[in-house]
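**Q** pasting the structure only:
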């Protein structure tokens, strides 16, 4: 019996329902959707494989490209404001027996220190008058030119109360200038030098005074002396007049009074600038050092202050703008990044043999290096304080903050003489640093005569200063034998730079150098007559740079090294999982409806 609710109605309902399911889930639109899903899954899998295999090299090339010093880049920002603090650590050599040395005795020195100064370098300061930056790109070329300023701030040690006996550089420089003079001319010049200033080859000054300034009248002898300043001690003003009528004020008296007032204002300005400098040093992290008025803070090496002459070895190095340096920014050729193209707007130095490689500007700027450093390459660095380039060779692999680095050091013959009989010390390439033909002595291996690079119009013979590594490390033994108290040590006194080889970042850089006075015997000057023919006496050594990267710097480098491998791995795995999932879903659908079709064919609905 059939009816509205009979068996025939049930069959009809099942038949209609099956038709609806077939038309919905097995419609052409649904089949195309799952077919597209399968194709997309395959494409995503292929893309994942490409990411895993090709993305690492692509990301590496993009990261390397970002290392150029391009305008507005993060790399330029980190070059201008490095993520690590640099420090100047200085030591003095205190001469303990100056009287014996004046009589011909062997010098005995004692190392004093360390005195640690935080060093802040400003490469893009703004000229207060023109408003222009001291850093400029060559828009048509591949270089960037900057004029650095360095601000030193004491962080450790007590240099103000530490007194040392050291060579009198201004007096020795003066004696060097008249060494080849003859007769009355030399005698008059000698008396002027001995009667102005300290008048002895050795002086006792504070360490602060040695670096940043102490009183000595000789360096200011040729300076125009303000009329309100009395003659220096020991000098008689033969033009002065004894006038007891202090109440009569004429025009000249008024002008003198006016100049005195102006000088007092200048003194107050100088005191104010000193206070400003101290404030800058204390809070340099919180100030925009680029836009400070540096003109009131700059100081020459010698200057009359409060009618007294001040001279300091580095007095003109603190805050004062340095000579322009032009380096390759690496945007056109990354392998040339940081290469010094010009110094003081010239491709030659003008100190060493004309036309030689020694006089040619070149080498890496230590603040920025190219990537892809090899153990087998020779690195050349330009150190302006050393007045020359210096070659560095790979020594060993070191580690900083879990980062592997290559250590480069000067070879044993880096400062070797071209005439050294020792085959391990001789360096023929250094022959162009010898200026004997111009009257400058050429020193034995390990010590470089800096007189040629100290020549100025006022000092045609330069200053009798020589450079070496600390404690005469790697120098000819005769230098150490001439001075008692020196103990060279590879760990303490070696120049080195540790470089992360892939990205080329220096994780530690320690240029170490020693300054020595060249003291020569001169029978025409009594105080110089008992010295050896040539004595190279150390008085200061220092190390610049840093020994460890900051945590932020190390983290950024670790990310830069890991990103080309971790990011493609993560992205590739995600794409593979997604693609496989899409294929599985599509395959599951096809399997399900294939099975459903089989069942429908085996069990007819009618």
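**A** Arrived safely, thanks for sending. This one's a predicted model, so the numbers in the text were calculated from it and none came from an experiment.

**Q** Next, please give the residue ranges for the helices of the stretch 401-550 of the chain.
**A** Residue ranges of the helices in the stretch 401-550 of the chain, as given by DSSP state H, counting those that start in this stretch, are 477-481, 490-493.

**Q** Return the most buried member of the ones you listed.
**A** helix 477-481 (a mean of 15; mean count of other C-beta atoms under 10 Å). For the C-beta atoms, the positions are set from N, CA and C on the backbone; glycine is no exception.

**Q** For that helix, what is the distance to the chain centroid?
**A** Centroid separation between helix 477-481 and its chain, computed with C-alpha atoms, centre = their mean, to the nearest Å, is 31 Å.

**Q** go on, stretch 517-534?
**A** In this view, stretch 517-534 has its centroid 37 Å away from the chain centroid, taken as C-alpha atoms, centre = their mean.

**Q** okay, the helices of the stretch 401-550 of the chain in TSV with mean pLDDT next?
**A** Output for the helices of the stretch 401-550 of the chain, formatted as TSV (pLDDT from 0 to 100):
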stretch	mean pLDDT
helix 477-481	96
helix 490-493	96
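
**Q** Which of the helices and strands in the protein ranks last by mean pLDDT?
**A** Of all helical and strand segments in the chain, the minimum by mean pLDDT, DSSP states H and E falls on helix 251-282, at a mean of 46.

**Q** which residues are contacting the next helix or strand after that one?
**A** Using DSSP states H and E, the helix or strand that directly follows helix 251-282 along the chain is strand 302-305. Contact with strand 302-305 is made by 170, 219-220, 223, 225-226, 229, 267, 270, 309-311, 315, as judged by C-beta atoms under 8 Å, 6 or more residues apart in numbering.

**Q** Could you rerun that using 6 Å?
**A** Counting contacts by C-beta atoms under 6 Å, 6 or more residues apart in numbering, the residues outside strand 302-305 that touch it are 219, 220, 223, 310, 311.

**Q** Direction included, what does it pair against?
**A** For strand 302-305, the paired strands and their directions (DSSP bridges) are strand 308-311 (antiparallel).

**Q** buried sites along the partner strand?
**A** Taking 16 or more other C-beta atoms under 10 Å as the basis for neighbour counts, the residues of strand 308-311 that come out buried are 309, 310, 311.

**Q** how much space between the last one and residue 532?
**A** Think residue 311. Residue 311 sits 26 Å away from residue 532, going by C-beta to C-beta, to the nearest Å.

**Q** And for residue 491?
**A** From residue 491 over to residue 532 (counting by C-beta to C-beta), the distance is 31 Å.

**Q** can you check residue 447 too?
**A** Remark: distance between residue 447 and residue 532 (C-beta to C-beta) = 15 Å.

**Q** Mind checking which of these two has more residues around it?
**A** Residue environment comparison for residue 447 versus residue 532 gives the larger neighbour count to residue 447, 24 against 13, counting by other C-beta atoms under 10 Å.

**Q** How about the closest residue to that one other than its chain neighbours: which residues does it bridge to?
**A** The shortest distance from residue 447 to any non-neighbouring residue, by C-beta to C-beta, 6 or more residues apart in numbering, is to residue 468 (4.5 Å). Beta bridges link residue 468 to residue 447, residue 514 when assigned by DSSP bridges.

**Q** what about residue 468, neighbour count?
**A** 26.

**Q** got a list of what it touches?
**A** Neighbour list for residue 468: 446, 447, 475, 514 [criterion: C-beta under 6 Å, 6+ apart].

**Q** change it to 8 Å
**A** With C-beta under 8 Å, 6+ apart as the criterion, the residues that contact residue 468 are 415, 446, 447, 448, 475, 479, 513, 514, 516, 536, 538.

**Q** go on, residue 386?
**A** 448, 467, 513.

**Q** what's the closest of those residues to residue 293?
**A** Here the nearest of those to residue 293, counting by C-beta to C-beta, is residue 513; it sits at 32.0 Å.

**Q** how many neighbours does that closest one have?
**A** 19.

**Q** okay but it is in contact with residue 541, surely?
**A** Yes - applying C-beta atoms under 8 Å as the test, residue 513 and residue 541 come out as touching, 6.7 Å apart.

**Q** joint contacts of the two?
**A** Contact criterion C-beta under 8 Å, 6+ apart; residues bridging residue 513 and residue 541 by contacting each: residue 470.

**Q** and residue 290, how many residues sit next to it?
**A** Neighbours of residue 290 (other C-beta under 10 Å): 17.

**Q** Next: residue 230.
**A** Applying the criterion other C-beta under 10 Å, we find 11 residues in the vicinity of residue 230.

**Q** Would you verify that it is located in a helix?
**A** No - with DSSP: H, G, I helix; E, B strand; the rest coil as the criterion, residue 230 is located in coil rather than a helix.

**Q** and it, what are its phi and psi?
**A** Dihedral angles of residue 230 (phi, psi; degrees, to the nearest 10) stand at phi -70, psi 160.

**Q** That one contacts residue 306, correct?
**A** No - counting by C-beta under 8 Å, residue 230 stays clear of residue 306, with 11.7 Å between them.

**Q** these two touch, right, residue 197 and residue 203?
**A** No - assessed by C-beta under 8 Å, residue 197 is found out of contact with residue 203, at 9.0 Å.

**Q** which residues sit in contact with the residue nearest the centre of the chain?
**A** The structure's the chain has its C-alpha centroid closest to residue 367; by C-alpha atoms, centre = their mean the separation is 4.3 Å. When contacts are counted by C-beta under 8 Å, 6+ apart, residue 367 touches 79, 82, 121, 338.

**Q** Quick check: it is in a strand.
**A** No - under three-state DSSP, residue 367 sits outside any strand and is assigned coil.

**Q** what pLDDT does it get?
**A** For residue 367, the pLDDT comes out at 87.

**Q** try the one 10 residues further on
**A** Residue 377 is assigned 94 on the pLDDT scale.

**Q** sorry, back to before: would you mind measuring from the residue nearest to residue 447 to residue 439?
**A** The spacing between residue 468 and residue 439, counted by C-beta to C-beta, is 22 Å.

**Q** And the strands in the stretch 1-150 of the chain?
**A** In the stretch 1-150 of the chain, strands defined by DSSP state E, counting those that start in this stretch lie at 86-95, 109-122, 135-137, 143-146, 149-156, listed in chain order.

**Q** which other helices and strands contact the second one?
**A** Counting contacts by 3 or more C-beta pairs under 8 Å, 6 or more residues apart in numbering; DSSP states H and E, strand 109-122 is packed against strand 86-95, strand 149-156, helix 207-212.

**Q** now what about the shortest one, what contacts it?
**A** It refers to helix 207-212. With contact meaning C-beta under 8 Å, 6+ apart, helix 207-212 is reached by 90, 92, 112-113, 115, 157, 159-160, 162-164, 166, 312-315, 318, 539-540.

**Q** wait, which of the helices and strands packed on strand 109-122 is closest to residue 75?
**A** With distances scored as C-beta to C-beta, the stretch of these nearest to residue 75 is strand 86-95 (18.0 Å).

**Q** circling back: mind giving me JSON lines with the helices and strands packed on strand 109-122 and columns for mean pLDDT, mean neighbour count and distance to residue 560?
**A** Conversion of those to JSON lines gives the following (pLDDT from 0 to 100; neighbours: other C-beta atoms under 10 Å; distance: least, C-beta to C-beta, whole Å):
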{"stretch": "strand 86-95", "mean pLDDT": "97", "mean neighbour count": "22", "distance to residue 560": "21"}
{"stretch": "strand 149-156", "mean pLDDT": "92", "mean neighbour count": "18", "distance to residue 560": "28"}
{"stretch": "helix 207-212", "mean pLDDT": "96", "mean neighbour count": "22", "distance to residue 560": "38"}
